[in-house]
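A.B. asks: Quick one: sequence plus predicted model below, questions after.
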Amino acid sequence: AQKITQTQPGMFVQEKEAVTLDCTYDTSDPSYGLFWYKQPSSGEMIFLIYQGSYDQQNATEGRYSLNFQKARKSANLVISASQLGDSAMYFCAMREGAVGAGSYQLTFGKGTKLSVIP
Amino acid sequence: ETGVTQTPRHLVMGMTNKKSLKCEQHLGHNAMYWYKQSAKKPLELMFVYSLEERVENNSVPSRFSPECPNSSHLFLHLHTLQPEDSALYLCASSQVPQGASTDTQYFGPGTRLTVL
């Protein structure tokens, strides 16, 4: 089974609207971390937001928020007030194991290509 | 320079060539990573160095040889590559802490490699 599933290969959103990018994960480890990255056409992977498995509140970073539903094993990224510069690939990733416990591996999903329409 | 830098940004090489990719991090981190990103495939972890020691090697062919001379620099030496090795090679770094907080990996801009 895939550890990270992103079911939307491509998404369109109107400028200034909000958009939700889906991510579901699969792990039996009680300690894990979930990350979202943005990859523009230039290639660099830009870190957006992080959610730890024991974090009580959903993570937020500016226009980015993470809708963390632990029982459903989902960690959807919400981008509010979309901008043209948000057009990019978006990747969800998971680290299994506690921070600092020697768990280095990040498992990435296949990504969602977001296109913002003016 | 800030963040994670990689050189060269683009590389074209023949199957008999030997080349090296360079990565430098300016974040004071203690772990560095090499990833491969092929078209239509998820990002694949190749190597991990923590405190300058290799801690993970994910079944990567021996034609890829990593080197980490210090905590700020990471190299990927390439020799006798195959056309299927053409991909975007991304370097990342992180701080591996003891206890709480995050270990977010920060990436460089990548080297786009084409093997003819």
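C.D. replies: Noted; the coordinates are in hand. Numbering: from 1, shown residues only, chains lettered A, B, ... in the order given.
A.B. asks: How many neighbouring residues does the nearest residue to B:Cys68 once chain neighbours are set aside have?
C.D. replies: Spatial nearest neighbour of B:Cys68, excluding adjacent residues (C-beta to C-beta, 6 or more residues apart in numbering or on different chains): B:Tyr49 at 4.1 Å. Backbone N, C-alpha and C define where each C-beta goes, glycine included. Neighbourhood size, B:Tyr49 [other C-beta atoms under 10 Å in any protein chain shown]: 21.
A.B. asks: Just list the residues touching B:Tyr49, thanks.
C.D. replies: By C-beta atoms under 8 Å, 6 or more residues apart in numbering or on different chains, the contact set of B:Tyr49 is B:31-33, B:55, B:66, B:68, B:74.
A.B. asks: Against B:Lys41, how distant is the residue nearest to B:Leu81 when sequence neighbours are not counted?
C.D. replies: Once flanking residues are discounted, B:Leu81 sits nearest to B:Val115: 4.6 Å by C-beta to C-beta, 6+ apart. B:Val115 sits at a distance of 16 Å from B:Lys41 (criterion: C-beta to C-beta, to the nearest Å).
A.B. asks: For those two, indicate the residue with more neighbours.
C.D. replies: Under the criterion of other C-beta under 10 Å, the comparison of B:Val115 against B:Lys41 puts B:Val115 first, with 19 against 11.
A.B. asks: got the residue ranges for the strands in chain B?
C.D. replies: With DSSP state E, the ranges of strands along chain B come out as B:4-7, B:10-13, B:18-25, B:31-37, B:44-50, B:53-57, B:64-70, B:73-79, B:87-94, B:106-107, B:111-115.
A.B. asks: Could you do chain A as well?
C.D. replies: Under the criterion DSSP E, chain A contains strands at A:4-5, A:10-14, A:19-21, A:24-25, A:32-39, A:46-52, A:60-61, A:64-69, A:74-79, A:88-96, A:106-108, A:112-117.
A.B. asks: any residue of stretch A:84-100 up close to chain B?
C.D. replies: Yes: interface with chain B: stretch A:84-100 contributes A:91, A:93, A:95, A:99-100 (C-beta under 8 Å from any C-beta of the partner chain).
A.B. asks: Buried among those? Make that a PyMOL selection.
C.D. replies: To isolate the buried members of the residues of stretch A:84-100 next to chain B in PyMOL, using 16 or more other C-beta atoms under 10 Å in any protein chain shown:
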select buried, chain A and resi 91+93+95+99
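A.B. asks: one step back: closest to A:Gln2 out of the strands of chain B?
C.D. replies: Checking these against A:Gln2 by C-beta to C-beta gives strand B:44-50 as the closest, at 13.8 Å.
A.B. asks: ok now the closest one, how far from the chain's centre?
C.D. replies: Chain-centre distance of strand B:44-50: 7 Å, with C-alpha atoms, centre = their mean, to the nearest Å.
A.B. asks: Identify the residues contacting the helix or strand of chain B with the lowest mean pLDDT?
C.D. replies: Lowest on mean pLDDT, DSSP states H and E among the helices and strands of chain B sits strand B:53-57, with a mean of 77. Defining contact as C-beta under 8 Å, 6+ apart, one finds that strand B:53-57 is touched by A:102, A:104-105, B:45-49, B:66, B:68.
A.B. asks: Please list only the buried members of those residues.
C.D. replies: Buried by 16+ other C-beta under 10 Å: A:104, B:45-49, B:66, B:68, out of these.
A.B. asks: A:Asn76: which of these is nearest?
C.D. replies: Using C-beta to C-beta, the buried ones among the contacts of strand B:53-57 come closest to A:Asn76 at B:Leu45, 24.1 Å.
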